[in-house]
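J.: no sequence for this one, just the structure:
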């Protein structure tokens with residue numbers, strides 16, 4: 001289980017940029033602005049990249065994924081690092097009630113080369129599991 005989980009929502013600022021890797025995998029970069037006027041870069045791969053490339057500027061989105069850093073060199077030769085969200089699921093937030101409409105969502109176990117998950121029998125009820133997480137959730141700063 002990975003504790004590197006990010007859930008970000010915001011408004012799409014620019015037209016999505018889609019490109020393909022040398023192995024012909026689609027990659028789309030999105031830039032969103034959160035309600036706190038923080039700019040966040042999102043990276044979508046494969047099927048999700050194809051669907052994300054069709055989004056319109058101004059769309060309200062919620063992205064679920066993990067944080068990652070990317071390194072690059074500017075034209076001036078300066079090394080830079082960016083913090084980005086590697087998106088696993090993307091939702092459109094539309095309507096008066098801001099209901100979530102899935103644009104794309106895929107379970108981790110169905111990713112290519114993902115390790116197979118083995119079911120573990122657990123005698124705890126859902127309520128017990130929720131109580132176990134309550135200490136962790138209280139420490140989250142939002």
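T.: Now that the structure is in, tell me what you want to look at. None of these values were measured; they are calculated from a predicted model.

J.: In the chain, what residue spans correspond to helices?
T.: Secondary structure of the chain (DSSP state H): helices at 46-52, 126-138.

J.: Which strands and helices lie in contact with the shortest one?
T.: The contact analysis (3 or more C-beta pairs under 8 Å, 6 or more residues apart in numbering; DSSP states H and E) places helix 46-52 against strand 17-20, strand 26-33, strand 39-45, strand 79-94, strand 99-105. C-beta here means a position set from N, CA and C on the backbone, and glycine is covered the same way.

J.: As a markdown table, those with distance to residue 67 would be great.
T.: Output for these, formatted as a markdown table (distance: least, C-beta to C-beta, whole Å):
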| stretch | distance to residue 67 |
| --- | --- |
| strand 17-20 | 20 |
| strand 26-33 | 14 |
| strand 39-45 | 10 |
| strand 79-94 | 6 |
| strand 99-105 | 19 |
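
J.: Any idea which of those strands gets closest to residue 51?
T.: When these are ranked by distance to residue 51, counting by C-beta to C-beta, first place goes to strand 99-105 at 5.1 Å.

J.: Can you add mean pLDDT and mean neighbour count and give the helices and strands packed on helix 46-52 back as CSV?
T.: Below are the helices and strands packed on helix 46-52 laid out as CSV (pLDDT from 0 to 100; neighbours: other C-beta atoms under 10 Å):
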stretch, mean pLDDT, mean neighbour count
strand 17-20, 94, 12
strand 26-33, 95, 20
strand 39-45, 94, 19
strand 79-94, 89, 16
strand 99-105, 62, 14
